[in-house]
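S.K.: please work out how this folds:
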Amino acid sequence: MSNSISAAMQWIRRTVPTLLVFAALGSVAYWGHHTGWRAPHLAALLGKEAASAEDWCKAHNVPDSRCIACHPELAGEDPADWCAEHGVKESECSQCHPEILNGGTAQDWCREHGVPESQCPQCHPDLAVKGDLPADPEARRVVADPPLDGDSATPGCLTHRLRVQFASGEAVKKAGVRLAQVAQHPLRATAFFPGEVEYDATRVVRCPSRVEGIVVALFFQAGESVKAGDVVAIVDSAEIGRTKSELVLARAQRDVDRAALARVRSAVERGLRGEVDVFQAEAAARTAQARLLAAHQALVNLGIAVDLEQIGQAGDEVLAEHLRVAGLPPLSPEVAKRVGASQNLVAIRAPIDGVVIERPVVAGAVVQPLESLLVVADTSRMWISFAVRAEECERVRLGQALTFVPDGIRDRPVSGTVSWISTQADATTRAIACRAEVANPDGFLRARMFGQAGVLLREEKSAITVPDEAVNWEGCCWVTFVRLTDDIFQTRKVRIGVHENGLTEVLSGVVPGEVVAAAGSYVLRSDILRNRLGAG
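M.R.: Numbers count the residues shown, from 1 in each chain. Next up, the predicted model:
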């Protein structure tokens with residue numbers, strides 16, 4: 001019997017712990033089923049009175065007692081006139097009632113500033129909700145900018161009626177949203193285009209030979225500076241010799257006819273000749289003088305200046321030497337030996353001050369009339385050529401300031417003004433050619449240099465700006481989110497201008513001092529876009 005009792009005790013010791021474990025698990029399962037697997041409040045555990053219901057809105061993840069989406073009266077709205085699905089007034093919900101876009105909603109529009117009238121702080125300063133932020137030592141500053149695309153709002157859109165609510169101010173930080181204050185900064189709105197340096201075409205001159213001949217000497221190399229009137233080349237031409245000979249013959253004929261006229265007049269005084277003879281002699285003298293003047297002008301046209309008074313008194317040998325060296329500079333012994341006593345020489349002179357940029361011929365070459373020997377450019381002023389896309393052409397105007405920065409030399413910007421805009425688009429690129437004039441007194445700019453041409457579109461001493469992250473495109477409008485309270489933000493339509501250094505100009509929609517959601521504001525944009533999904 002003792003053995004039976006011992007066996008029973010052993011069975012109890014093995015079985016009872018297992019039964020107790022199963023009983024405990026069953027109790028936990030029963031309690032969890034009836035409590036929804038929620039732990040009791042500390043007040044209930046301590047025997048205190050528990051809350052009658054949890055204050056939480058599961059649909060909007062905020063305290064139910066402060067949920068403005070479920071209780072629009074908390075935000076001053078009429079619950080009887082409220083579309084809970086889209087978060088706006090039922091009487092203004094264009095998604096539920098598209099027909100109202102032809103009625104009252106479109107009237108809520110500020111035509112002057114391009115934003116809803118009910119949200120225009122420029123017209124209604126009392127609408128602004130200003131606030132303070134801790135000082136930011138790393139605040140950014142606007143310097144320059146190309147404009148953003150799509151800066152206008154849509155009158156029929158009701159996005160500005162939406163508010164975004166967080167559970168608390170702490171929840172705003174946890175969502176990664178950072179705040180920034182609307183501020184004012186100096187602004188230089190600049191559009192940048194690829195540019196190229198060119199010679200000023202009105203300051204580029206070719207130095208041609210006016211006659212056919214042989215180039216005897218060239219006195220300047222490409223890159224050397226010349227002054228207006230400097231002799232740049234000497235050409236030996238038979239035509240020059242013939243023209244000089246014509247001048248000598250015309251002078252001789254004039255002297256003969258003048259002497260004949262004097263004899264006729266003397267004979268008339270003595271009664272030996274008649275007035276008809278005087279008339280004929282005078283006509284011959286005038287013809288000879290005209291021939292002399294024509295020969296002189298022919299030499300002048302070829303670039304050889306001759307003093308008629310001087311040659312009129314000179315003897316034949318003096319005249320010949322005078323014509324041989326007329327218009328020529330002092331020649332070096334080498335050149336003088338080469339040309340000898342030729343009467344066929346003509347000097348080619350530089351018409352302007354500048355730099356020789358081309359020298360297409362060499363000494364000894366045969367040249368034709370009007371063939372260029374040298375090309376001289378005045379580089380004290382240059383052109384900056386750049387092309388503008390057709391859709392951007394309206395932004396560029398004559399007289400706008402331009403700054404050109406050569407590639408690789410960013411510490412030497414040059415300034416000028418837009419002086420020409422083409423009236424036609426390029427046949428290949430469809431871009432509009434533009435040009436600006438810039439001063440180049442030290443010759444720093446060289447033709448065919450590339451760089452960035454910045455055209456100053458607009459300059460503001462004090463522009464309203466927000467961080468780039470504060471501006472969001474929600475499908476039809478640019479919006480920003482203005483802080484109303486620590487946990488509630490109002491969607492605000494804005495018109496934007498330009499941006500630079502992380503800041504965007506706001507033309508209308510907010511005023512300085514208001515606080516907006518900056519970094520992380522896409523969280524708020526996602527919330528208002530969720531309302532467009534509708535039921536389900």
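S.K.: list the residues that contact the closest residue in space to A401 that isn't next to it in sequence.
M.R.: When the adjacent residues along the chain are set aside, A401 lies closest to L456, with 4.3 Å between them (Cβ to Cβ, 6 or more residues apart in numbering). No exception for glycine: its C-beta is placed from N, CA and C like everyone else's. Shown in contact with L456 (Cβ atoms under 8 Å, 6 or more residues apart in numbering): 188-190, 400-403.
S.K.: try 7 Å
M.R.: For L456, the set of contacting residues under the criterion of Cβ atoms under 7 Å, 6 or more residues apart in numbering consists of 188, 190, 400-401.
S.K.: of all these, which two lie farthest apart?
M.R.: Pairwise distances across the contacts of L456 peak at 12.0 Å for R188 and Q400 (criterion: Cβ to Cβ).
S.K.: still on that earlier bit, just among the contacts of L456, which is most surrounded?
M.R.: Using other Cβ atoms under 10 Å as the neighbour definition, these reach their maximum at T190, which records 23 neighbours.
S.K.: surely the residue nearest to A401 is within a helix?
M.R.: No. Counting by DSSP: H, G, I helix; E, B strand; the rest coil, L456 is not found in a helix; it is strand.
S.K.: count of residues packed around F386?
M.R.: Taking other Cβ under 10 Å as the criterion, the count of residues near F386 is 24.
S.K.: what helix or strand is it on?
M.R.: When secondary structure is defined by DSSP states H and E, F386 falls within strand 381-388.
S.K.: okay, whatever helix or strand comes next after that strand in CSV with CA atoms only?
M.R.: Downstream of strand 381-388, the first helix or strand assigned by DSSP H and E is strand 401-406. Included here for strand 401-406 are C-alpha records, laid out as CSV according to Å, rounded to 0.1, in the frame of the first residue of the first chain:
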residue,chain,number,x,y,z
ALA,A,401,22.8,94.8,-67.3
LEU,A,402,24.9,91.8,-68.2
THR,A,403,27.8,90.1,-66.4
PHE,A,404,30.1,87.7,-68.2
VAL,A,405,32.3,85.3,-66.4
PRO,A,406,34.8,83.4,-68.7
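S.K.: now the next helix or strand after strand 401-406 against strand 401-406, angle please.
M.R.: Moving toward the C-terminus from strand 401-406, the next helix or strand (DSSP H and E) is strand 414-425. Using axes from the mean of the first three to the mean of the last three Cα atoms, to 10 degrees, the direction of strand 414-425 lies 100 degrees away from that of strand 401-406.
S.K.: how about strand 414-425: buried residues?
M.R.: Buried residues in strand 414-425, counted by 16 or more other Cβ atoms under 10 Å: 414, 416, 418-419, 425.
S.K.: any idea which of those residues is closest to D487?
M.R.: For the buried residues of strand 414-425, the minimum distance to D487 (Cβ to Cβ) is 50.9 Å, reached by V418.
S.K.: find the nearest non-adjacent residue to L247, please.
M.R.: Counting by Cβ to Cβ, 6+ apart, the nearest residue to L247 once its immediate chain neighbours are dropped is A295, at 3.9 Å.
S.K.: contacts only, for that neighbour.
M.R.: Taking Cβ under 7 Å, 6+ apart, we find A295 in contact with 243, 246-247, 250.
S.K.: one more pass at 10 Å, please.
M.R.: Taking Cβ atoms under 10 Å, 6 or more residues apart in numbering as the contact definition, A295 lies against 243-251, 306.
S.K.: make a ChimeraX selection of the buried ones in those.
M.R.: Selecting only the buried entries of the contacts of A295 in ChimeraX, with 16+ other Cβ under 10 Å as the criterion:
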select :243,244,246,247,248,250,251,306
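S.K.: quick check, nearest of the contacts of A295 to Q280?
M.R.: Out of the contacts of A295, the one with the shortest distance to Q280 is A250. That distance is 19.5 Å, counting by Cβ to Cβ.
S.K.: and that closest one, how far from S372?
M.R.: When Cβ to Cβ, to the nearest Å is the yardstick, A250 and S372 sit 32 Å from each other.
S.K.: again with L247
M.R.: Summarising the geometry, the distance separating L247 from S372, computed by Cβ to Cβ, is 28 Å.
S.K.: can you check R203 too?
M.R.: Distance, R203 to S372, using Cβ to Cβ: 16 Å.
S.K.: also V466?
M.R.: Plainly put, V466 is 60 Å away from S372 if you go by Cβ to Cβ.
S.K.: low-confidence regions, the stretch 1-150 of the chain specifically.
M.R.: Residues of the stretch 1-150 of the chain that meet the criterion pLDDT under 70 lie in 1-4, 8, 29-54, 56, 58-61, 75-76, 80-82, 84-150.
S.K.: ok, now the stretch 401-536 of the chain?
M.R.: With pLDDT under 70 as the threshold, the stretch 401-536 of the chain has low-confidence stretches at 531-536.
S.K.: dump stretch 241-253 to CSV, restricted to CA.
M.R.: Only the C-alpha atoms of stretch 241-253 are listed here, as CSV (Å, rounded to 0.1, in the frame of the first residue of the first chain):
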residue,chain,number,x,y,z
GLY,A,241,53.2,104.5,-112.1
ARG,A,242,50.6,105.2,-114.8
THR,A,243,48.6,107.5,-112.5
LYS,A,244,51.7,109.4,-111.5
SER,A,245,52.7,109.8,-115.2
GLU,A,246,49.2,111.1,-115.9
LEU,A,247,49.7,113.7,-113.2
VAL,A,248,53.1,114.8,-114.7
LEU,A,249,51.6,115.0,-118.2
ALA,A,250,48.6,117.0,-117.0
ARG,A,251,50.8,119.5,-115.2
ALA,A,252,52.9,120.0,-118.3
GLN,A,253,49.9,120.4,-120.5
